[in-house]
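>>> the following comprises the amino acid sequence and a computationally predicted model.
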Amino acid sequence: MTARVGIPRGLLYYYYGPLWTKFFKCLDAEVIISAPTNKKIVEMGVKNTVDEACLPVKVYHGHVMDLVDRKVDYIFLPRLMSVYRNEYICPKFCGLPEMVNHSIKKLPIMIQPTIDFRKSKKDLSKIVWEVGSYFTKDIRKIEGAFQEALKNYYRYKEALGKGWLPIDMLKGDRDQSMHQNICHRDKVALLGHPYNLYDAYISMNIIEKLRSHQLDVLTPECMDKIVINQKAATMDKKMFWSFGRKIIGTALHVMEQEEVRGIIYLSSFGCGLDSVIADIVERRIRRHSNKPFALLTLDEHTGEAGMDTRIEAFVDMIKWRRNHENYFSTHGQYIHTH
């Protein structure tokens, strides 16, 4: 009987989903992705998580419960400590397995490898074997599955570099009208963590709403890795949070791009990293750029009507600036005083 392994559609699924999915499929497992975030999933997550958790973590718990209801045999929930050398990610990722294990009852077998690349990636083969051994003891099959998964992941990353967004790639939408390099429209930079940007329910479909105003959307995942690192390196101190470095590097880059008409930062209420990163980004933009900037904060109580109002006001500001950027009044008044 084919083993059924569940992957929660939350947190870093939007970044590593193609890698994980392909790996398990190559091991002849049936991969079950939890349903797209909806009201029921959010409510289940909020009910079964501590109040202090941020919205993405609460939603993740809801996705785990969705998989429990689907009667999967396994749930893949890695303990992510670090994905880059000498860098860290959000500390909530480190304790996520314990949070889920102690908050949700009747869990299936949990696959919870520890991924920590702070020092090196020499233990990667051990991690791959640890996960693969749940499905087969054939080391060659496990190694082959991982190589195929890497190829799939690199293709995914290459597509992102060409302008596709994860929200389109993961749902199989490759409509050329959505391709950033084909559309010749004004652009808006949308900054934030991938699990905020690409979850249409959490973000209240902000990407599609911006597109509906004839604006192309650029995110950190669309940016060249070398450019991001170069820009982030100009900071006085090294940003040791991996995704914080990506966000700051992207912000410093798009500030200088004329075709980028405005910048939006999508943050989660209660996110310790965002409280620092968003402040750095906003200060830099206010001091060194005249581009419109909006900080939108999300939690389970955020109303869509209020979000829509802010988005529309932001878009109106962009359009007004574009239509009047070459307008100089002939009735100006000299106000310089000695």
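Received, thanks.

>>> do you know how far the most centrally placed residue in the chain is from V276?
Geometric centre of the chain, nearest residue: P194, 0.4 Å, by C-alpha atoms, centre = their mean. From P194 across to V276, the span is 18 Å (C-beta to C-beta, to the nearest Å). C-beta: built from backbone N, CA, C; applies to glycine.

>>> pairing partners for the longest strand along the chain, with directions?
Counting by DSSP state E, the longest strand found in the chain is strand 260-268. Using DSSP bridges, the strands paired with strand 260-268 are strand 187-191 (parallel), strand 293-298 (parallel).

>>> after that strand, heading C-terminal, what element do we hit next?
Using DSSP states H and E, the next helix or strand after strand 260-268 towards the C-terminus is helix 272-288.

>>> run through the strands of the stretch 101-250 of the chain in chain order.
Per DSSP state E, counting those that start in this stretch, the stretch 101-250 of the chain carries strands over the ranges 109-111, 114-116, 187-191, 216-218.

>>> would JSON lines of those strands with mean neighbour count, distance to L124 and mean pLDDT be doable?
What follows is the strands of the stretch 101-250 of the chain, written out as JSON lines (neighbours: other C-beta atoms under 10 Å; distance: least, C-beta to C-beta, whole Å; pLDDT from 0 to 100):
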{"stretch": "strand 109-111", "mean neighbour count": "15", "distance to L124": "16", "mean pLDDT": "95"}
{"stretch": "strand 114-116", "mean neighbour count": "16", "distance to L124": "9", "mean pLDDT": "87"}
{"stretch": "strand 187-191", "mean neighbour count": "26", "distance to L124": "30", "mean pLDDT": "93"}
{"stretch": "strand 216-218", "mean neighbour count": "22", "distance to L124": "31", "mean pLDDT": "90"}
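
>>> and the strands paired with strand 260-268: which comes nearest R245?
Judged by C-beta to C-beta, the one of those that comes nearest to R245 is strand 187-191, at 12.4 Å.

>>> residues contacting that closest one, please?
Residues outside strand 187-191 that contact it (C-beta atoms under 8 Å, 6 or more residues apart in numbering): 180, 197, 206-207, 210, 215-220, 247, 250-251, 254, 257, 259-266, 281, 318.

>>> which residues does G270 contact?
By C-beta under 8 Å, 6+ apart, G270 lies in contact with E52, A53, C54, L55, D299.

>>> one more time with 7 Å
For G270, the contacting residues are E52, C54, by C-beta atoms under 7 Å, 6 or more residues apart in numbering.

>>> break the protein down into its domains, please.
4-160, 173-323 (automatic domain parsing).

>>> weakest of those by average pLDDT?
Sorting those by mean pLDDT places domain 173-323 lowest, at a mean of 85.

>>> one step back: tilt between the longest strand of the chain and helix 272-288?
Relative orientation of strand 260-268 and helix 272-288, computed by axes from the mean of the first three to the mean of the last three C-alpha atoms, to 10 degrees: 160 degrees.

>>> CA atoms only for strand 260-268 - export them in CSV, please.
This file holds the C-alpha atoms of strand 260-268, laid out as CSV (Å, rounded to 0.1, in the frame of the first residue of the first chain):
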residue,chain,number,x,y,z
VAL,A,260,9.5,50.5,-9.3
ARG,A,261,6.8,53.1,-8.4
GLY,A,262,6.2,52.1,-4.8
ILE,A,263,7.1,49.7,-2.0
ILE,A,264,4.8,47.7,0.3
TYR,A,265,5.9,45.8,3.3
LEU,A,266,3.6,43.0,4.5
SER,A,267,4.2,42.2,8.1
SER,A,268,2.7,39.9,10.7
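
>>> how far away is K137 from K25?
18 Å.

>>> which one is M81 nearest to, not counting chain neighbours?
Leaving out its chain neighbours, the residue that sits closest to M81 by C-beta to C-beta, 6 or more residues apart in numbering is D116, at 3.7 Å.

>>> ok, that neighbour touching L80?
No: look at D116 against L80 with C-beta atoms under 7 Å: they stay out of range, at 8.2 Å.

>>> quick one: contacts for the nearest residue to E43 once chain neighbours are set aside?
Excluding the flanking residues, the one nearest E43 by C-beta to C-beta, 6+ apart is G62, at 7.3 Å. Contacts for G62 were tallied using C-beta under 7 Å, 6+ apart; they are I41, V42, M44, G45.

>>> which pair in those residues spans the largest distance?
Maximum pairwise distance among the contacts of G62 (C-beta to C-beta): 7.4 Å, between V42 and M44.

>>> more neighbours: K137 and K25, which one.
Set side by side, K137 and K25 show more neighbours around K25, with 16 against 9, by other C-beta atoms under 10 Å.
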